[in-house]
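Student: build me a model:
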Amino acid sequence: MLHIALRTGTPRVVNGIAPSHGVVRSEASFPLTCQKEVVGLLCVFSQEADYFQKDIVELLEQLAMEASFALESLHREAERRHQATLLADQNRILSLIASGAALEVIFTTLAQFVEAQSDGGLCSLVALDPNGARNCLAVAPSLPAGFDRAIAEASGGKEVTRASNLFVMARR
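Tutor: This is a model prediction of the structure:
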């Protein structure tokens, strides 16, 4: 019976279950929803046949609605926190840019931001050196050592230099 309430999203009440099926004589299931989807059930069982009368069913329906309301509130709060974190991270990157922070710091922060938003993705920022003559792996905070060699091979053998070397070269 539980699978029916989950599948249909409607309450199910069964009174008078035959004693040969176990100790449960009555059972009721009430869907719990969040974002218009059934995410769980409020299930109540009784050893008493015909336990679920109208007043008890109405009370349990109200409890299921209140639990669903609580789930919606938790979901909205989680979404609000996510959006606040996203905005704070974006503002942090913009502040780094506006304050003239080192390019390596900006790129590292940006790559970490992308990784945090991509649920398991890894990010690198790849750029050309100031002369446009060779590839430069600026940052790859979570990629394994040797990633720069793989970039060099993928770019047709052009030399790859670390961003820190490029920054020193650019300051000369």
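Student: for residue 113, give me its contacts.
Tutor: 89-90, 93 (C-beta atoms under 8 Å, 6 or more residues apart in numbering). For the C-beta atoms, the positions are set from N, CA and C on the backbone; glycine is no exception.
Student: buried residues, the helix or strand containing it. List them.
Tutor: Using DSSP states H and E, residue 113 sits in helix 103-117. Residues 103-104, 106-113, 115 are the ones in helix 103-117 that count as buried (16 or more other C-beta atoms under 10 Å).
Student: got a markdown table for those, with pLDDT and distance to residue 54 too?
Tutor: Listed next are those as a markdown table, based on pLDDT from 0 to 100; distance: C-beta to C-beta, whole Å:
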| residue | pLDDT | distance to residue 54 |
| --- | --- | --- |
| 103 | 84 | 70 |
| 104 | 83 | 70 |
| 106 | 90 | 65 |
| 107 | 87 | 66 |
| 108 | 89 | 64 |
| 109 | 92 | 60 |
| 110 | 92 | 60 |
| 111 | 90 | 61 |
| 112 | 91 | 57 |
| 113 | 93 | 55 |
| 115 | 91 | 55 |
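Student: distance to residue 6 added to these, as a markdown table?
Tutor: Formatted as a markdown table, the buried residues of helix 103-117 follow (distance: C-beta to C-beta, whole Å):
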| residue | distance to residue 6 |
| --- | --- |
| 103 | 53 |
| 104 | 52 |
| 106 | 49 |
| 107 | 48 |
| 108 | 46 |
| 109 | 44 |
| 110 | 43 |
| 111 | 42 |
| 112 | 40 |
| 113 | 38 |
| 115 | 36 |
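Student: closest to residue 7 out of those?
Tutor: Using C-beta to C-beta, residue 115 is the member of these that lies nearest residue 7, at 38.0 Å.
Student: nearest residue to that closest one in space, please, no chain neighbours.
Tutor: residue 123 (5.0 Å; C-beta to C-beta, 6 or more residues apart in numbering).
Student: doesn't residue 109 make contact with the one you found?
Tutor: No: using C-beta atoms under 8 Å, residue 123 is not in contact with residue 109, being 11.0 Å away.
Student: do I have it right that residue 42 meets residue 33?
Tutor: No: using C-beta under 8 Å, residue 42 is not in contact with residue 33, being 11.1 Å away.
Student: dump the residue contacts of residue 141.
Tutor: Taking C-beta under 8 Å, 6+ apart, one finds 108, 111-112, 115, 123 in contact with residue 141.
Student: part of a strand, is it?
Tutor: No: judged by DSSP: H, G, I helix; E, B strand; the rest coil, residue 141 forms no part of a strand; its state is coil.
Student: how near is it to residue 108?
Tutor: Noted for residue 141: a distance of 6 Å to residue 108, by C-beta to C-beta, to the nearest Å.
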